[in-house]
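Undergrad: Model the structure of this input:
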Amino acid sequence: MDFYGTIAGGIAFLKECPDQDKIIGIEIVKGKRSVDQNKLYWKYLTIISEQTGNSINSLHQCFKREFLPPRFNQIMIKDRIFQHKTPGSTTQLNKKEFIDYIDAIASLTDIPIPNSEQPELLKVKY
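TA: As a prediction, this is how the structure comes out:
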């Protein structure tokens, strides 16, 4: 039997099967990027778009391909495996990785990152 969950849930699970041998593994899950980080990112892309003339979506796609490791996917159809590579996803980044990603964009573009302490700067028009 496998258990995935919180430490408290894991302890309860262990108590349910006291006579069985167990192997315990712990994985530290880092927090995903925050909503505020995401707002800052899209505002930053808007600023870069305004200064460079490139579309926001083009910038997003370009930066993902430039700075994020690709994801490899496979599907099986009629006993045949098809593999393909897709760009990395910003939604999979933790908070530290997201900061590094935005810093890499700033380094490439030489366009300053907006101040996230000013909420009015985070309003993005879609």
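Undergrad: tell me, which helix in this protein spans the most residues?
TA: helix 35-52 (DSSP state H).
Undergrad: Pull out the buried residues from the helix or strand following that helix.
TA: Next in sequence after helix 35-52, counting helices and strands by DSSP states H and E, comes helix 56-67. By neighbour count with 16 or more other C-beta atoms under 10 Å, helix 56-67 contains the buried residues 56, 59-60, 63-64, 67. For glycine as for every other residue, the C-beta is placed from the backbone atoms N, C-alpha and C.
Undergrad: Tell me how far helix 56-67 lies from the chain's centre.
TA: With C-alpha atoms, centre = their mean, to the nearest Å as the basis, helix 56-67 stands 14 Å off its chain's centre.
Undergrad: what about the residue located most distally from the centre of the chain, which helix or strand?
TA: The outermost residue of the chain relative to its centre, with distances by C-alpha atoms, centre = their mean, is residue 19 at 40.5 Å. Assessed by DSSP H and E, residue 19 sits outside every helix and strand.
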